[in-house]
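# here is a sequence with its predicted model. Questions after.
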Amino acid sequence: MQTRNYLKYIVEEIHSTVFATVDQTGHPVTCAIDIMDCDDSGLYFLTAKGKNFYDRLKTNPNIAFTAMKGEDTLSCVAVSVQGKVKEIGPDRLPALFEKNPYMEKIYPDIRSRGVLTVFKIYEGTGEWFDLSKLPVERDAFSFGGAQREESGYFVADRCIGCKLCYSKCPQKCIDITRKPVVIQQEHCLRCGNCFEICPARAIERR
């Protein structure tokens with residue numbers, strides 16, 4: 001999928017996420033935050049200026065969140081995002097309330113909404129992980145000019161073609177018809193089984 005589809009999925013299919021921020025002592029803090037809208041440049045959510053969450057965002061604009069959908073582990077789709085946020089103010093509030101009418105039950109009138117402000121996740125990278133597929137499906141994406149870093153396990157030229165990695169791979173996502181063998185990143189659990197068993201130490205973790 002394209003990045004816009006991942007962002008749209010977060011807003012429309014999952015919506016409620018668990019955010020991680022850092023407090024003034026450097027300790028991680030989590031809270032539940034609804035992602036209320038998106039466009040090609042990022043994601044939008046709101047909070048009240050009197051909340052500790054607001055203070056943490058203003059002190060340190062780096063955030064991470066995970067959003068999940070599914071009845072159980074094996075039917076679960078998880079999307080994780082890491083990025084930077086900025087406060088864009090109240091101008092977008094009417095649009096967010098129109099798109100998320102349940103907010104009117106929490107802040108029922110204009111006066112009560114005076115403390116609200118909108119933030120945008122304007123730069124970020126993310127990962128899609130679908131455990132409902134066999135083999136599992138994963139993909140990486142980025143938005144707002146953020147650069148994706150290559151990560152996972154990769155096979156170097158010193159591979160001897162012994163195929164031991166394949167024998168221990170729970171998803172059988174290693175192409176052993178080639179030498180060096182190739183780990184299919186879009187199906188890899190990144191569990192490290194291949195790394196541990198390789199006698200040539202040809203598998204590298206990035």
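Received it, and whenever you're ready, just let me know what you need.
# kindly report the domain assignment for the protein.
3-143, 153-205 (automatic domain parsing).
# and the pLDDT for the residue nearest to the spatial centre of the chain?
Computing the C-alpha centroid of the chain and ranking residues by CA atoms, centre = their mean puts S80 first, at 1.5 Å. S80 carries a pLDDT score of 97 in this model.
# wait, it touches A20, no?
No: if you go by CB atoms under 8 Å, S80 and A20 don't touch, sitting 10.1 Å apart. From N, CA and C alone the C-beta is placed, and that goes for glycine too.
# before we move on, back to that, shouldn't the residue nearest to the centre of the chain be within a strand?
Yes: counting by DSSP: H, G, I helix; E, B strand; the rest coil, S80 is located in a strand.
# now do it against R138, distance only.
Per CB to CB, to the nearest Å, S80 is found 10 Å from R138.
# so what's in contact with those two at the same time?
127, 129 (CB atoms under 8 Å, 6 or more residues apart in numbering).
# in this protein, which spans are strands?
16-22, 28-34, 37-39, 42-48, 62-69, 77-89, 116-130, 137-143, 153-155, 174-175, 182-183, 203-205 (DSSP state E).
# now tabulate those strands in CSV and tack on distance to G192.
Putting those into CSV (distance: least, CB to CB, whole Å) gives the following:
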stretch, distance to G192
strand 16-22, 24
strand 28-34, 24
strand 37-39, 34
strand 42-48, 31
strand 62-69, 21
strand 77-89, 19
strand 116-130, 16
strand 137-143, 15
strand 153-155, 7
strand 174-175, 13
strand 182-183, 11
strand 203-205, 7
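# of all those strands, which one is nearest T3?
strand 137-143 (4.5 Å; CB to CB).
# what is that closest one packed up against?
With contacts taken as 3 or more CB pairs under 8 Å, 6 or more residues apart in numbering; DSSP states H and E, strand 137-143 sits against helix 3-9, strand 116-130.
# how about a markdown table for the ones you listed, with mean pLDDT and mean neighbour count added?
What follows is those, written out as a markdown table (pLDDT from 0 to 100; neighbours: other CB atoms under 10 Å):
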| stretch | mean pLDDT | mean neighbour count |
| --- | --- | --- |
| helix 3-9 | 96 | 17 |
| strand 116-130 | 97 | 20 |
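# hang on, the earlier thing: so what's the residue nearest to the centre of the chain bridging to?
T66, E127 (DSSP bridges).
# over to K86?
Here K86, judged by DSSP bridges, has bridge partners K120.
# contacts only, for it.
So, once contact is read as CB under 8 Å, 6+ apart, K86 ends up touching 61, 119-120, 122.
# nearest to A48, of those residues?
Set against A48, the nearest of those by CB to CB is F119 (11.5 Å).
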